[in-house]
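Student: all I have is the shape, not the residue letters:
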């Protein structure tokens, strides 16, 4: 049973470029959340996708966008990259349990993005 | 923005000692979770405690939750060098609507052999 997989593992971009990160959730999971983790900080919530729709969003500008496909996999797109976008980007999958609050998140190993 | 805040931010202990980490949060929650992260890679779920629970155990881990004080603690007993990692609390705010799990800034634990 494959866990959460993310690609690529590492990425180097220059300011102003655009980047797409990919995530495949754990088998059987239908919800994907994306997090940004700067060095020495906790993960910051970017947004969450369920049934191909963004249903929660953190305090991130519109340069950050995403998509969820019918097979539940997801992409995170960042446009007009800034130096401050350099971080570890984590994808987490979970299963919706209505009315019970969140369930535990399963994380991928992340994509380390460096913006030069 | 961070919902939770762990204390201390760094902790260094000898192998065999107990490690206690605390988490305070700001708003009412559905549940609280603790995660572990090694070397800045993916986080691993340790334990989930719901808002109507006060204490939960899993192996060498003990988690308490005090919703009146908006705080939680994670106790690792008989620590091992392999427990060296960063530990994060994560909360699911009781705001209605969909789930949104937010993380604290973490406690960096070093267990010295």
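Tutor: All right, it came through fine. Nothing here was measured: the structure is a model prediction, and the numbers come from that model.

Student: what pLDDT does residue 83 get?
Tutor: I'll assume chain A. Here, the pLDDT recorded for residue A:83 equals 97.

Student: let me rephrase: I mean chain B.
Tutor: 97.

Student: residues near it, how many?
Tutor: Neighbour count for residue B:83, taken as other C-beta atoms under 10 Å in any protein chain shown: 18. In short, each C-beta sits where N, CA and C put it, glycine included.

Student: if I look at the nearest residue to it once chain neighbours are set aside, how far off is chain A?
Tutor: Excluding its sequence neighbours, the residue lying closest to residue B:83 (C-beta to C-beta, 6 or more residues apart in numbering or on different chains) is residue B:111, at 5.0 Å. According to C-beta to the nearest C-beta, to the nearest Å, residue B:111 stands 19 Å off from chain A.

Student: quick check: beta-bridge partners of residue B:111?
Tutor: residue B:13 (DSSP bridges).

Student: pretty sure residue A:41 sits against residue B:104.
Tutor: No: with contact defined as C-beta atoms under 8 Å, residue A:41 does not count as touching residue B:104 (9.9 Å).

Student: between these two, point out the one with more neighbours.
Tutor: residue B:104 (27 against 15).

Student: wait, what's in contact with that one?
Tutor: Each residue near residue B:104 by C-beta atoms under 8 Å, 6 or more residues apart in numbering or on different chains is listed here: A:42, B:2, B:3, B:4, B:5, B:6, B:23, B:25, B:88, B:89, B:90.

Student: which ones among the residues you listed map onto strands?
Tutor: In strands, defined here by DSSP state E, the members of those are B:4, B:5, B:6, B:23, B:25, B:88, B:89, B:90.

Student: nearest spatial neighbour of residue A:38, chain-adjacent residues omitted?
Tutor: Residue A:38 sits nearest to residue A:87 (C-beta to C-beta, 6+ apart), 4.8 Å away.

Student: average pLDDT for stretch A:63-79?
Tutor: pLDDT averaged over stretch A:63-79 gives 97.

Student: spell out which parts of chain B neighbour chain A.
Tutor: Neighbours of chain A within chain B, by C-beta under 8 Å from any C-beta of the partner chain: B:1-2, B:4, B:29-31, B:33, B:35, B:40-45, B:48, B:50-51, B:88, B:90, B:92, B:94, B:97-106.

Student: could you verify that residue B:82 is part of a strand?
Tutor: No: Residue B:82 is assigned helix when assessed by DSSP: H, G, I helix; E, B strand; the rest coil, not a strand.

Student: tally of neighbours for it?
Tutor: 10.

Student: ok, it to chain A distance?
Tutor: With C-beta to the nearest C-beta as the criterion, residue B:82 and chain A are 18 Å apart.

Student: just give the nearest non-adjacent residue to that residue, would you?
Tutor: Residue nearest to residue B:82 in three dimensions, not counting chain neighbours: residue B:111, with 7.8 Å by C-beta to C-beta, 6+ apart.
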